Structure formats: C-alpha cells, structure tokens
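S.K.: What shape does this take:
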Amino acid sequence: MSVEAERSVLGAVMLDPAACDEVAEILQPGDFSDPAHQAVYAAVRRLHDAGKPTDSVAVEADLCLLYTSDAADEED
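M.R.: So this is what the prediction gives:
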C-alpha cells in the first residue's frame, strides 16, 4: 500500500467509526508499510474496540500512554 493510501485509510477510520468497522475486517496493523502508520492504526482499533473516540487527540493520547508505559516497563 502506498503511503498516500495509508494516510487516506487512517484519516477515514479516525473520522468515521463506521469506516473503522468496515476496514477492520480486511486490514491489520501489519498491513501498513510505515511503522508509524501501524502504530496509529493499532491505536485507532484499540480505541474503537473499547467504544472510545478515535479522533486525532484521542489517538495521540493513547499512543503517548502506551509508549510511556512501555518506557517505564523497560526501566524496571
């Protein structure tokens, strides 16, 4: 998938929960070529599956929490 296509998919799933339902049936995070896009899509799926908003603010907060938790676990 091209980077432009990946960005379009991410934009769609972040703006429209129904799009997230449709795309989830065929796409997994590993289907994205850009590791950042993989992380964003995984965050969108986590949030959507939990019934939470998937807008850019929520996704950023989820990723920050995830990476902060990962960094803390590595320090232990």
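
S.K.: From here on, just use CA atoms for contacts and neighbour counts.
M.R.: Noted.

S.K.: Might you report the residue contacts of Gly30?
M.R.: By CA atoms under 8 Å, 6 or more residues apart in numbering, Gly30 lies in contact with Gln38.

S.K.: So for it, what's the pLDDT?
M.R.: Listed pLDDT for Gly30 reads 95.

S.K.: list the contacts for Glu22?
M.R.: Residues counted as contacts of Glu22 (CA under 8 Å, 6+ apart): none.

S.K.: What strand or helix carries it?
M.R.: helix 17-24 (DSSP states H and E).

S.K.: pull the helix or strand with minimum mean pLDDT from the protein.
M.R.: Across the helices and strands of the chain, mean confidence by mean pLDDT, DSSP states H and E is lowest for helix 56-75: a mean of 80.

S.K.: Just the residues contacting the helix or strand just after the helix holding Glu22, thanks.
M.R.: Next along the chain after helix 17-24, taking DSSP H and E as the criterion, comes helix 35-49. Helix 35-49 has contacts (CA under 8 Å, 6+ apart) with 6-7, 10, 13-14, 17, 20, 24, 28-32, 53-54, 59, 62-63.
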